[in-house]
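Visitor: Structure for the following, please:
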Amino acid sequence: MRNTTSHTRGQQSRNSKEYKRIHPDEFVQAAKALVELGWHPIPLSGPGGKVCGPKGVQGREGVDVTDEDTFREWADRWAATEDGLNLATRMPVGVIALDVDCYDGKPGAETMAACADEWGDLPPTWSVTARTDGSSKLLYRVPKGWEGVGVVPGRDGKNGSGVEVLQRHHRYAVVPPSIHDVGPVLVFGPDGDQCDHLPTPDELPMLPEAWCDGLYKFRPDVTRDRTADPDELLGLFQDGLMTDAVQRAMQKVLDALSSGAGRHDEMNERLLELLRLGWGGAPGVRLAVEVVNLNLSRGSRAGLSGFGLDTETVDPVCVHGRLPDTVG
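Guide: Numbers count the residues shown, from 1 in each chain. As a prediction, this is how the structure comes out:
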């Protein structure tokens, strides 16, 4: 027979306490709601309410927890601690978050603008944030098996870009009803209006193909050698038909060529955009370069090598590296 008196006393004890962040009962209900929507709850405590509490629930070997008893155990363990209890989610399979930081001088907005200039605009999506300075986590679906970089390289080739790619194996996202030190964590829909809860993963838009190519983790590592043979560099690109992003990048090169900008900055910039897609793992770049070379040959130019591309300044690892001034 169940000891209802003990249960009631425990409930009254929880209700009579003051909690720094989430109340235990609120945490349990929110965690259950996340599971129903297709997300994977993680309890956070520690400084700032940002530190994952239990082991084994994140990373490549992490296990997704779905049972209410464990949620209750987590709530009772951490809610009354000095740092309080928050709720996070591990990314579901096929979902990422672009974590854009704009606070304390971080250049997340500038990095995202540079990405959009190169790969096109992102479709509107759901976002999660506690800040009002432009910082947010933008949620997207990605193809099965896709894995991106952890940190989006900055324009100078370093990691201080203010943008990270949250993935199933890499980090987690703090979600409502968590309380950040700057305020409550909120969800906003594609229209910018506040939402009551996260969407299901299937409701999220796909990360555009060009963004997937540009943020792809397994880009070939190219030794930066001033004397590198262009054909040797092209040999690192994947075979296959051109993707839509590659076709668009190729057309920009051809448009620059036809406009008479063939040996000036615009032509050089457009060509590097095409090459970056190849270094990012997009198929069809080799074919696109052959088309460009054919058009260059018709114009009595020397093909790709005629650009005098300085491969020391064309850094395939830095997808937003400075554009080299190598032609003119």
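Visitor: My read is that T125 contacts P190, right?
Guide: Yes - look at T125 against P190 with C-beta atoms under 8 Å: they come within range, at 5.6 Å. Glycine gets a C-beta too; all of them are placed from N, C-alpha and C.
Visitor: Between these two, which contacts overlap?
Guide: Common contacts of T125 and P190 (C-beta atoms under 8 Å, 6 or more residues apart in numbering): P205.
Visitor: Which pLDDT does the model give the closest residue to R77 other than its chain neighbours?
Guide: Nearest residue to R77 in three dimensions, chain neighbours excluded: G53, at 7.2 Å (C-beta to C-beta, 6 or more residues apart in numbering). pLDDT for G53: 87.
Visitor: If you tally nearby residues, what's the number for G53?
Guide: 17 (other C-beta atoms under 10 Å).
Visitor: And it, how close does it get to A75?
Guide: To A75, G53 is 10 Å away according to C-beta to C-beta, to the nearest Å.
Visitor: what do those two both touch?
Guide: Residues touching both G53 and A75 (C-beta under 8 Å, 6+ apart) are P43.
Visitor: was I right about the residue nearest to R77 contacting W78?
Guide: Yes - at 5.4 Å, G53 counts as touching W78 under the criterion of C-beta under 8 Å.
Visitor: Spit out the residues that contact the two alike.
Guide: 43, 45.
Visitor: Quick one: residues contacting the spatially most central residue of the chain.
Guide: Geometric centre of the chain, nearest residue: V165, 2.8 Å, by C-alpha atoms, centre = their mean. The contact partners of V165, taken as C-beta under 8 Å, 6+ apart, are 96-99, 148-152, 215.
Visitor: same deal with H40?
Guide: H40 makes contact with 34, 57, 64-65, 89-92, according to C-beta under 8 Å, 6+ apart.
Visitor: same deal with T81?
Guide: So T81 contacts 20, 45 (C-beta under 8 Å, 6+ apart).
Visitor: Check the one 4 residues further on too.
Guide: Listed by C-beta under 8 Å, 6+ apart, the contact set of L85 reads 19, 21-22, 24, 27, 43-45, 49, 74-75, 78-79.
Visitor: give me that answer again for 10 Å
Guide: Listed by C-beta atoms under 10 Å, 6 or more residues apart in numbering, the contact set of L85 reads 19-24, 26-27, 43-45, 49, 53, 74-79, 178-179.
Visitor: Likewise for G162?
Guide: Counting by C-beta under 10 Å, 6+ apart, G162 makes contact with 99-112, 135, 151-152, 154.
Visitor: Among those, the buried ones, what's the ChimeraX command?
Guide: Of the contacts of G162, the buried ones go into a single ChimeraX selection, burial set by 16 or more other C-beta atoms under 10 Å:
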select :99,100,101,102,106,107,108,109,110,111,112,135,151,152,154
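Visitor: Sitting in helices, which of the contacts of G162 do you find?
Guide: 108-112 (DSSP state H).
Visitor: Report the separation between the residue nearest to the centre of the chain and A109.
Guide: Applying C-beta to C-beta to V165 and A109 gives a distance of 16 Å.
Visitor: burial of the closest residue to G183 other than its chain neighbours, as a residue count?
Guide: Spatial nearest neighbour of G183, excluding adjacent residues (C-beta to C-beta, 6+ apart): A130 at 5.0 Å. Neighbouring residues of A130 were enumerated by other C-beta under 10 Å; the total is 17.
Visitor: can you check Q238 too?
Guide: For Q238, the neighbour count with other C-beta under 10 Å is 13.
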